[in-house]
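[1] Curious how this folds, go ahead:
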Amino acid sequence: MKTESAFIPSGGITSPEGYLAGATSAGIKYTNRPDLGILLSEAPCMAAAVFCTNKVKAAPVILSAQRLQDGKARAVVINSGCANACTGEQGTKDAVEMAELTARHVGVAMDDVLVASTGVIGTLLPMERIREGIPKVKLTADGGHELARAIMTTDTVPKETAVRAGDFIIGGMAKGSGMIHPYLATMLCFLTTDAGVDADYLGAALKEAMDISFNMVSIDGDESTNDMVLIMANGRAGGKPVVPGSRQAEVFQQALNKACVHLAKAIARDGEGATKFIEVNVSGAASVADARLAARTIVSSSLVKAAVHGSDPNWGRVIAAAGRSGAELEADKLYLEIGGICLVKDGAPVPYDNDKVVKHLNGDEVRIDLKLNVGSAAATAWGCDLSEEYVTINSEYTT
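    You can find the predicted model right below:
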C-alpha cells in the first residue's frame, strides 16, 4: 500500500531533521523587515536545482549552477531587494563574496555555499550592508519562518509548507508575486528533506514535480533573470535511500509533488494586484504536453485574466486562447464550464444562467474547465486576474 503524505501544520523549510535557518534586516532596500538570510544543513547534502531559462542570468544563478555540478551543497545565502543581475564583473565578485562570508559564518567549505538574490535588476548589491548583515544572522531550528519573510519582495504573505511521508519530511518555502510565467519567473523556491536520496534521482524527481507545479503558474507572462528552485537532501531521517524504481521513490515523488503544488498555488494566489485566484483544468487532450500547453495558454492570457477581473463571462476568450495554444483540438468537440456551469458544448454555445456565472466570477476563486475531447490526457494550471493595481505596482517599482 502506498504511504500517504500529509501536510504538517505551521511547517516550513526547517521542519525536516538537521536544518537551521535565520534572517536579519540588512537594509538592502527595505526598512524594518528581514531581507538577508541563510539556510544551512547540519550534515552534507545531495542537492539539485533548476534555474531560469532566460539568456540573461544573474550572477548568483551562474555561480550556484557552477557549484551544483557535483550535486552537493550545505548552505544557501539569500537576499531580497536587489537581484544582482546585469551587474557585470562586480556582480560576480559580490556573489562570490556573499558565499565566502556565509561559509565563514556557518563553518562550511565555500564551494558548498550557494547564493540566491531577488529584487531590482541592474543595481549593485550594497555590500557594506551585506558584510555587516551576514554575521548577524542567527541560525535556529525554527528560523525558517523568518527566512521565508526575508526572501519576499512584492509578496504580501510568506509561502511555506512541510509534508510528512512515512519516516521523512519535505519542507519548503518560496517567493514570487510578479514576473511569473511557466519555466520559472521571478520566483525562488527552496526545498529540504531529511530523506537520503540518490543524486541522479533527486534531480529527476525535482523536474517531475516542477512540470506539474511551478511550470504551470502564470501571473503576467514575464520571466526573470534570477529564478531558482533548489532541493537539498541530508539523509538525517535514516532508513533506506530513495533510489529510482523503488517503492520509496514513489512515496518521495508524491510528497514532493504535493509540496511543490502547494507552493505554486500560493504564488498564484499572491500575484501582484491579484483579487482572484484562477484554476484552469484541461482534459480530454491528445497528450499531457498538449493539455499543459492549453492550460498554460489560457491561464496566461491577458484577455482571460482581465475578463475574470471584471467578472465578465466572455467565454470566447478561453476558446480563443486554447485555439492558439498549439494543442491539438477540434473546434466542434470543445466543452467548456465556468464554475461548473456549462457554456459551450460540441463547440457551440448553450443556454446558461448568466447571473450564476457572474456570481462565480465575483468570488475569490474562479474555476475554468475545458474538455478537448480528442484524447484522455489532463493538466491543471493556476494564475490570477489582471487588475489596475498590477499596473500601479509595476509602474512604481523602482521609484
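
[2] for the chain, longest strand please?
    Secondary structure assigned by DSSP state E gives strand 36-51 as the longest strand of the chain.

[3] Could you chop this structure up by domain?
    5-269, 277-395 (automatic domain parsing).

[4] before we move on, back to that, tell me which residues of the longest strand of the chain are tucked away?
    Burial within strand 36-51, assessed by neighbour count using 16 or more other CB atoms under 10 Å, is assigned to 36-42, 45-51. Where you see a C-beta, it was placed from the backbone N, CA and C, and this is true even at glycine.

[5] Now the helix or strand following it: average pLDDT?
    Using DSSP states H and E, the next helix or strand after strand 36-51 towards the C-terminus is helix 59-67. Helix 59-67 shows a mean pLDDT of 97 in the predicted model.

[6] ditto for stretch 298-318
    Here the mean pLDDT over stretch 298-318 is 94, rounded to a whole number.

[7] For stretch 320-335, what is the distance to the chain centroid?
    Stretch 320-335 sits 28 Å away from the centroid of its parent chain (CA atoms, centre = their mean, to the nearest Å).

[8] which SS class is Cys342?
    strand (DSSP: H, G, I helix; E, B strand; the rest coil).

[9] ok, it touching Tyr352?
    Yes - with contact taken as CB atoms under 8 Å, Cys342 and Tyr352 are classed as touching, separated by 6.5 Å.

[10] Give me the common contacts of those two.
    Common neighbours of Cys342 and Tyr352, using CB atoms under 8 Å, 6 or more residues apart in numbering, do not exist here.

[11] hang on, the earlier thing: the longest strand of the chain - which strands sit beside it in the sheet, and in what orientation?
    Strand 36-51 has the following strand partners under DSSP bridges: strand 19-24 (antiparallel), strand 72-82 (antiparallel), strand 228-233 (antiparallel).

[12] Whatever helix or strand Ala209 lives in: how far from the chain's middle?
    Secondary-structure assignment from DSSP H and E places Ala209 in helix 199-211. What separates the centre of helix 199-211 from the centre of its chain is 14 Å, taken as CA atoms, centre = their mean.

[13] Correct me if wrong: Asn226 contacts Ala95.
    No - using CB under 8 Å, Asn226 makes no contact with Ala95, being 11.0 Å away.

[14] Identify the residues contacting Phe190.
    For Phe190, the set of contacting residues under the criterion of CB under 8 Å, 6+ apart consists of Ile13, Leu39, Val76, Ile78, Ala116, Gly172, Met173, Ala174, Val229, Leu230, Ile231, Met232.

[15] what about stretch 157-175, start to end distance?
    End-to-end span of stretch 157-175 (CA to CA, to the nearest Å): 9 Å.

[16] pLDDT weak spots in the stretch 201-350 of the chain?
    When the per-residue scores of the stretch 201-350 of the chain are filtered using pLDDT under 70, the ranges that remain are 219-223, 272-273.

[17] can you give me the strands for it?
    Defined through DSSP state E, counting those that start in this stretch, the strands belonging to the stretch 201-350 of the chain, from first to last, are 217-218, 228-233, 277-285, 335-338, 341-345, 348-349.

[18] For the ones you listed, give me JSON lines that also has mean neighbour count.
    Supplementary listing: the strands of the stretch 201-350 of the chain in JSON lines, determined by neighbours: other CB atoms under 10 Å:
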{"stretch": "strand 217-218", "mean neighbour count": "28"}
{"stretch": "strand 228-233", "mean neighbour count": "27"}
{"stretch": "strand 277-285", "mean neighbour count": "22"}
{"stretch": "strand 335-338", "mean neighbour count": "20"}
{"stretch": "strand 341-345", "mean neighbour count": "17"}
{"stretch": "strand 348-349", "mean neighbour count": "10"}
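
[19] and Asp142, which of the ones you listed is closest to it?
    Closest approach to Asp142 among those (CB to CB): strand 228-233, 17.9 Å.

[20] With just CA atoms, put the closest one into PDB.
    Listed next in PDB are the C-alpha coordinates belonging to strand 228-233 (Å, rounded to 0.1, in the frame of the first residue of the first chain):
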ATOM      1  CA  MET A 228      16.000  29.100  -8.800                       C
ATOM      2  CA  VAL A 229      14.300  26.000  -7.400                       C
ATOM      3  CA  LEU A 230      16.700  24.100  -5.100                       C
ATOM      4  CA  ILE A 231      16.300  20.900  -3.200                       C
ATOM      5  CA  MET A 232      18.700  19.600  -0.500                       C
ATOM      6  CA  ALA A 233      18.600  16.100   0.900                       C
END
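
[21] ok and it relative to helix 59-67, angle-wise?
    Relative orientation of strand 228-233 with respect to helix 59-67: 40 degrees, computed using axes from the mean of the first three to the mean of the last three CA atoms, to 10 degrees.

[22] who touches strand 228-233?
    Contacts of strand 228-233 from elsewhere in the structure, counted by CB under 8 Å, 6+ apart, are 19, 39, 41, 45-52, 60-61, 64, 73, 76, 114, 116, 184, 187-197, 202, 205-206, 210, 214, 256.

[23] Kindly recompute the last result at 7 Å.
    41, 45-51, 61, 64, 73, 76, 114, 116, 188-193, 195-197, 202, 206, 210, 214 (CB atoms under 7 Å, 6 or more residues apart in numbering).

[24] Stretch 28-39 too?
    The set of residues external to stretch 28-39 that reach it, using CB under 7 Å, 6+ apart, is 13, 19, 21-26, 75-82, 102, 106, 119, 126, 129-130, 133-134, 137, 139, 146-147, 149-150, 190.

[25] For Met228, name its beta-bridge partners.
    Beta-bridge partners recorded for Met228 (DSSP bridges): Phe51, Leu188.

[26] Oops, could you answer that again for Glu160 instead?
    Applying DSSP bridges to Glu160, the residues it is bridged with are Met173.
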